[in-house]
Each structure stands twice: as structure tokens, then as C-alpha cells.
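# I'll drop the sequence and a predicted model, then ask my questions.
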Amino acid sequence: MTENTDASRTEAFFTLHHRLPRQSPGSDATTRRLLAQAGPLPDRPRVLDLGCGPGRASLLLAAEAGAEVTAVDLHQPFLDELREAADARGLGDRIRTVRADMGDLTGPAFPAGSFDLIWAEGSAYCIGFATAVRDWQRLLAPGGAMMISECVWTTHAPSAGARAFWDRNGSLRTLPGTTAAAVAAGCTVHAVLLQPDSDWDAYYGPLAERVASADPAAPGMEWALAATREELAVRRAHGAEYGYAAYVLRPADPRWTTRPETAADREAVHAVNAAAFPTRDEADLVDALRADSGAWLPELSYVAEAPDGSVAAYALLTRCRIGDAPALALAPVATSPAYQRQGAGQAVVRAALDAARVRGEALVVVLGEPEYYARFGCVPASTYGIRPGFEVPDEAMMALVLDGSVPVPTGMIRYPVAFGV
């Protein structure tokens, strides 16, 4: 391919996309949901929108979150379009456009620790999800978050047609594989949203209309039309096999090293549980669950280490069932009295939940303080038609969906025998 041919194809591609409502699957409703899950944020959060395109998300974040947005893209016409829209809506003082490469965020416009929220809808693929997660963290202020969406397989056995297309256009991971990449890059997962089909329709509907009206004789346009028609056809034929997953991520708390327990930890795990609760019941429960091969999952028994290497906190996920469907029960969660209210408990719970996501687990149930477990994304289990086999306040029996690509089971929770319920 000559340089001129490459340039004409790139121009034709952008011609197809100029002035479209969206440049990737999405919706204002999805942006709002993700914004809510990324909170809490400062009153006037500093947001970095990377690969912003013409700025649909930038405009919403500025208008509804009161954000000061730095919108970054390499394609100047998109930035011009955003500047025009921002001025028209009275948001010109809240949105700053910067022509830059998201893979090279250096220089005075991008100092370390300068953003409360990094936003990347459908754009991180340009440099790779793992690279984006690893490299962009340095830009976050303390307590900051990143929202990065990534196209993923939603099946463990993609068809030959879908795989052939994506092998040529950016190899996809599964949801567990994508989570593993985020964790390996030093982050914890605070929320995952599998975007609905309507988000794809909002992107592909107008794009298909543009394809139908485009002039194939324009330089590079024949190639751009063929590539876009193939993309649309693959979605029609195989759309159930892949989708966009939007991740809300935060850097892991550096104060606590988290890991699966080892045999050498068992005495310390028992001691932490005994010290954290009024009785030894929870400590004895862990020991009983460890002896139950049908319930115990060794890689989901997690500890957080104190600076001296001792066990500061503990979280356990064991196999339970909702009706006949496998799920996980989170219990107990314990923090040594010497380390309570310092983030050790949160760190170990997040690490255990991330390990469950990497395993491909779909659902967690937990009985506990609603305000505490809501920070991990848990909601009343009754929202999904899930109920315990004993009387308990509705708000205290909670559930967390880890994988939105599979149906959420309904019915009664069947705990391991050691729980005695």
C-alpha cells in the first residue's frame, strides 16, 4: 500500500464518521450510569476524555457533572466539532481541547496526579487496554478513577466467522481475561457494565445510513465502504458473541499487599477472625469450610498483609448455589482490630472479588451491612429475585453481578452445610 493510498483510506474513513451522533457504541444513558459508578467525585472534577472524538461524553460530563474537561484526540476536525458544540451550549469555559496522542501523554498538559477521572469510551484499543490501564494511572489524583471500555468476547466459544473478523481487527479477550489484564496492571475493578445492544444500534444505525449514501468513487471510499459493510454484517451475524464492557477502575491501595492464603497463613487467619468478632464462630466457620471440598475454592481465600507481613485482614468466597446455579457466598470478612478503619478490609474484599472475576464467576451474595457492601456495587438480592432460606431484612441480603453476559439466576440461596442455614 502506498502512502497516498493509506492517506486516502484514512480520509475516507473519517468522512464516513464526520458529524455522526457517536463514534463507537454508547448512549447518554450508559455514560450517566458509568459516571454514577465512578463516584464520588469532587464538585468540579477534573476529567481527561481520551480519544474524545467529537465529544459526546465530554459535553455530558461538563454539563451534568460540572466537570472541567480536557478532551484529547488526534483528529483535529473532531476537536473543532467539539469546540463548536461546547461554545453553542455555553460550555466553552469547561472544555479544553488538546490534539495529542493518547499513547504519549507527556508534557505540561498532562502532569502526574492532575485528573480526578479518566474517561475513554471505545478508544483505548488504539494503544491496547492493558497499556492504557498501566500508563494512565500516573495521571490520576489520589482517589481518582478511570472508566475504560473494551470490546470483549461474551462467549467462551466464538464462532469461526466472528473469530476470523476479530483476529484481523484486534484480538479480543473474554471478560475474565480483560479483568486479569486490569489487575495485572495494578488496578482493582469497581464496576463492570456490559453495554446493551441499544448502544450498538445508536452507533451502527446512523453509520449504516451514511454508508448507503456515500460516494464510492471518492478517493479511498471503496475500501472504507467495504470494511464498514463487513463490520456491520459481522455484528448482525455474530453480535451475541461479543460486546463492549465498560470498566470503572482504581489503582490498588498501595498500603496493603493482597494475595490468596497459603497453608502457612491458616493459624493467622483463624486468629484474625477470632479477634474481629465477638465469638469464635466465624473462625470456626472458615475451618469447617476449608474441610468442605464442595465449597472451598483455595484461590478465593484472600488475605491482606500488614507492613510487617502479618495478616491484617481476610475475605472468603465459597461455593453456594442459587437454585441449581453456581454462585459465591462472601463470608466472613474480618480485619484485625489493630488495622480496622484503615482500608485493609476494603482492599482484601476487592482483591477477592477481582480474583472471582478472573475465574469467570458470575455472582456473589453477601449478608451484611448495606452501606458497607454497597461500596463494592452490591444491591439487595431481591432485585434479582434471589432470597435466603431464613428471615433477614431485605436490604441486608445483597448480591453483586460479576459477569453481565450471563443470565442472573433466581431462587433460594443454598449455602454450604457449614453455615448451618
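Right, received. Where do you want to start?

# can you pull the contacts of the residue nearest to the spatial centre of the chain?
By Cα atoms, centre = their mean, the chain has its centre lying nearest to residue 247, at 1.6 Å. By Cβ atoms under 8 Å, 6 or more residues apart in numbering, residue 247 lies in contact with 146, 147, 148, 149, 150, 178, 179, 182, 189, 191, 192. The C-beta positions use only the backbone N, C-alpha and C, and glycine is treated the same way.

# ok, and the closest non-adjacent residue to the first one?
When you say that, I think you mean residue 146. residue 118 (4.3 Å; Cβ to Cβ, 6 or more residues apart in numbering).

# In three-state terms, label that neighbour for me.
Recorded secondary structure, residue 118: strand (DSSP: H, G, I helix; E, B strand; the rest coil).

# what about the strands in the stretch 301-421 of the chain?
301-305, 311-322, 325-335, 363-367, 379-380, 386-387, 397-401, 411-414 (DSSP state E, counting those that start in this stretch).

# Need the ones you listed in CSV (columns: distance to residue 170).
Shown next, in CSV, are the strands of the stretch 301-421 of the chain (distance: least, Cβ to Cβ, whole Å):
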stretch, distance to residue 170
strand 301-305, 33
strand 311-322, 33
strand 325-335, 32
strand 363-367, 29
strand 379-380, 33
strand 386-387, 37
strand 397-401, 26
strand 411-414, 39
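
# out of those, nearest to residue 154?
Nearest of the strands of the stretch 301-421 of the chain to residue 154, taken as Cβ to Cβ: strand 397-401 at 13.8 Å.

# what helices or strands is that closest one leaning on?
With contacts taken as 3 or more Cβ pairs under 8 Å, 6 or more residues apart in numbering; DSSP states H and E, strand 397-401 sits against strand 363-367, helix 370-374, strand 379-380, strand 386-387.

# Neighbouring strands - and their directions - for it?
In the sheet, strand 397-401 lines up against strand 363-367 (antiparallel), strand 379-380 (antiparallel) (DSSP bridges).

# and the ones you listed, which is most packed in?
Ranked by mean neighbour count, the strands paired with strand 397-401 are led by strand 363-367 with a mean of 22 (mean count of other Cβ atoms under 10 Å).

# Name the residues that touch it?
317, 320, 322, 325, 327-331, 353, 356, 373, 378, 381, 386, 388, 392, 396-403, 408-409, 413.

# pLDDT weak spots in this structure?
By pLDDT under 70, the weakly predicted segments of the chain are 1-4.

# Could you pick out the longest strand of it?
strand 140-153 (DSSP state E).

# Buried residues of it, list them for me.
When neighbours are counted by 16 or more other Cβ atoms under 10 Å, the buried residues of strand 140-153 are found to be 140, 144, 145, 146, 147, 148, 149, 150, 151, 152, 153.

# which among those residues gets closest to residue 347?
Closest to residue 347, out of all of the buried residues of strand 140-153 and judged by Cβ to Cβ, is residue 145, at 15.8 Å.

# my read: the closest one touches residue 249, true?
Yes. With contact defined as Cβ atoms under 8 Å, residue 145 and residue 249 form a contacting pair (6.7 Å).

# Next, show the common contact partners of these two.
Joint contacts of residue 145 and residue 249 (Cβ under 8 Å, 6+ apart) are residue 190.

# Residue 51 contacts residue 122, doesn't it?
Yes. At 7.4 Å, residue 51 counts as touching residue 122 under the criterion of Cβ under 8 Å.

# on that earlier part again, of all the strands paired with strand 397-401, which lies closest to residue 42?
strand 379-380 (25.4 Å).

# This completes my enquiry, with thanks.
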